[in-house]
Structures are given as structure tokens and as C-alpha cells.
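*Asks:* how would this look folded up:
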Amino acid sequence: MAGQIVKVFDAVDSLMGTFTEELFYFSAKWPDKANIALSGGSTPKALFEELAKPANLDKIHWAVFNFFWGDERMVSYDNPESNYGTANRIFLSKIRDTRQGIYPVPAAATPKEAALLYEVKIREIVKPVQNGIPVFDWIILGIGTDGHTASIFPGAKWSEDEYPLTFVAKHPVTGQKRVSFTYKLINQAHRVTFLVTGKEKAEVIEQILHNKPEAENYPAAMIRPENGIVEWYLDSEAASLLKL
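*Replies:* Okay, the predicted model is just below:
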């Protein structure tokens, strides 16, 4: 677990409450715009519900943030499967301060067009740039039981020349097309935080954080920011197999 910050919480509520406090302190001290990427899935949904509480809506300095999404399904924003749509419905639409930037993946385009348009938008907004790659201040990720993160699934391949920042992903079972951040973009971030809950994630978490051979092909294990940190916020069930 060298180089990784691991925090374990008794329950999902305490995990999300602590993370929300961290988001508040971050927003209070950040001097300019902060570029932050959200993700989808059941665990981030619990975070959005925490953020939607009136006390949190009122105290967080929302104007600091430019919100992006680490991945998105190719569906309309009003579809329940839309990551942006879920975040907007649960908490973004309830924020009274509208000075934050909100930059979802384009939903009306073809997947390839959406990926390329999103790269253009990221390059336009996200500064600074290192080695030709924009540097996000904070990327929030989840993880699947197969070790995928964002929409980078095990065995995924794409041309980094054609898609250096975002690429067209395909779900290995359903074949559903998605747009996802690439390793190159995620690993340029200053800070990456995994939010992980549930006993079904315990095995993959144990394999990654204890550097087991099984984790070698897990996309989440490939998240190693060049000049940043990786944090793992785990509930007790997700951390149940760890030897801390």
C-alpha cells in the first residue's frame, strides 16, 4: 500500500460525511477555480445524496468548482443511467449559487464525436498542462468488482494517439458505448480519490492494495498519478479483507 492513503469508516454515512467535510475545506481554501471530475455508480450516488442535504448545499463554496465527469454512458441526460443526469437531479440542480462550471460529456453526438468534443472542452478549461496533458485538481472514482474504474474495463484498448484524454469505451457484457477518461488523463491529476463501499468490493480492494498478482490486469490498479496522490475511502465492508 506504499504511496496510497487508505481511510476506513464504520459505515457509508460516516464515509460520505467525512468526505463532504473534506470537500468543504477544499472549497474554502482553494484560491481559484478547481477542476474536479465526478463519477457514476451506487457509491457516488450516496455522496450526491449527502451533498444535497441543506446544510451542505449552503456551506460548500460551489463557485470554486468546474465539474467534469470521468465517464458517461451514451444516453440522454434525462435517462436514469446518465451519470451527469443523476448528479444534476440529486444535487447540482439544488445549488443556489450558479457560478460553478458544469461540463458534462456531450450526449447528442455519436460516441466518437462525444469523446473528441469532450477532449476539446477539457483542453479549453483545465489548466495547467503538463507533458501535453491537462492537470485536474481532483478526480473522484469508483471501482467495479472486476477492477474497472471510470469506464476503463479489463482488456480495454484504444489508440492513445487518437484518444489521448478521452476514448470510446464498451461495456464487456452489454456492449453499451461510453466515453471515459484515459489512464493518461487520470494519472496527471493532483489528487485521485476512490470511494468504495460494500462487501462485494472487498476482494478486489484486497488484491489491489496488497499488490496481489490478480490485480495486475485491473484498471483501478493502474491509477498511479505521476505527481499526485491516491486516496481510498472505504467502508468497513469494502475493507474487511485488508490487513491494516
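*Asks:* Please enumerate the helices of the chain.
*Replies:* 12-29, 42-51, 54-59, 83-90, 111-125, 183-186, 202-209 (DSSP state H).
*Asks:* JSON lines for these, including mean pLDDT, mean neighbour count and distance to Trp158?
*Replies:* Quick note: C-beta positions are derived from backbone N, CA and C, even for glycine. Listed next are the helices of the chain as JSON lines, based on pLDDT from 0 to 100; neighbours: other C-beta atoms under 10 Å; distance: least, C-beta to C-beta, whole Å:
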{"stretch": "helix 12-29", "mean pLDDT": "97", "mean neighbour count": "16", "distance to Trp158": "31"}
{"stretch": "helix 42-51", "mean pLDDT": "92", "mean neighbour count": "18", "distance to Trp158": "24"}
{"stretch": "helix 54-59", "mean pLDDT": "97", "mean neighbour count": "12", "distance to Trp158": "37"}
{"stretch": "helix 83-90", "mean pLDDT": "97", "mean neighbour count": "20", "distance to Trp158": "19"}
{"stretch": "helix 111-125", "mean pLDDT": "96", "mean neighbour count": "17", "distance to Trp158": "9"}
{"stretch": "helix 183-186", "mean pLDDT": "97", "mean neighbour count": "22", "distance to Trp158": "10"}
{"stretch": "helix 202-209", "mean pLDDT": "98", "mean neighbour count": "21", "distance to Trp158": "22"}
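*Asks:* burial measure for Pro80, as a count.
*Replies:* Pro80 has 8 neighbouring residues, counting by other C-beta atoms under 10 Å.
*Asks:* Not counting sequence-adjacent ones, nearest residue to it?
*Replies:* Thr86 (7.3 Å; C-beta to C-beta, 6 or more residues apart in numbering).
*Asks:* on that earlier part again, please name whichever of the helices of the chain is nearest to Ser76.
*Replies:* helix 83-90 (7.7 Å; C-beta to C-beta).
*Asks:* Identify the residues contacting the residue nearest to Pro80.
*Replies:* 40, 45, 48, 80 (C-beta atoms under 8 Å, 6 or more residues apart in numbering).
*Asks:* of all the residues you listed, which two lie farthest apart?
*Replies:* Phe48 and Pro80 (13.5 Å).
*Asks:* which sections of the protein are below the confidence cut-off?
*Replies:* 1-3 (pLDDT under 70).
*Asks:* which stretches of it form strands?
*Replies:* 4-9, 34-38, 65-69, 71-73, 101-102, 129-130, 133-134, 138-141, 166-170, 177-181, 191-196, 229-235 (DSSP state E).
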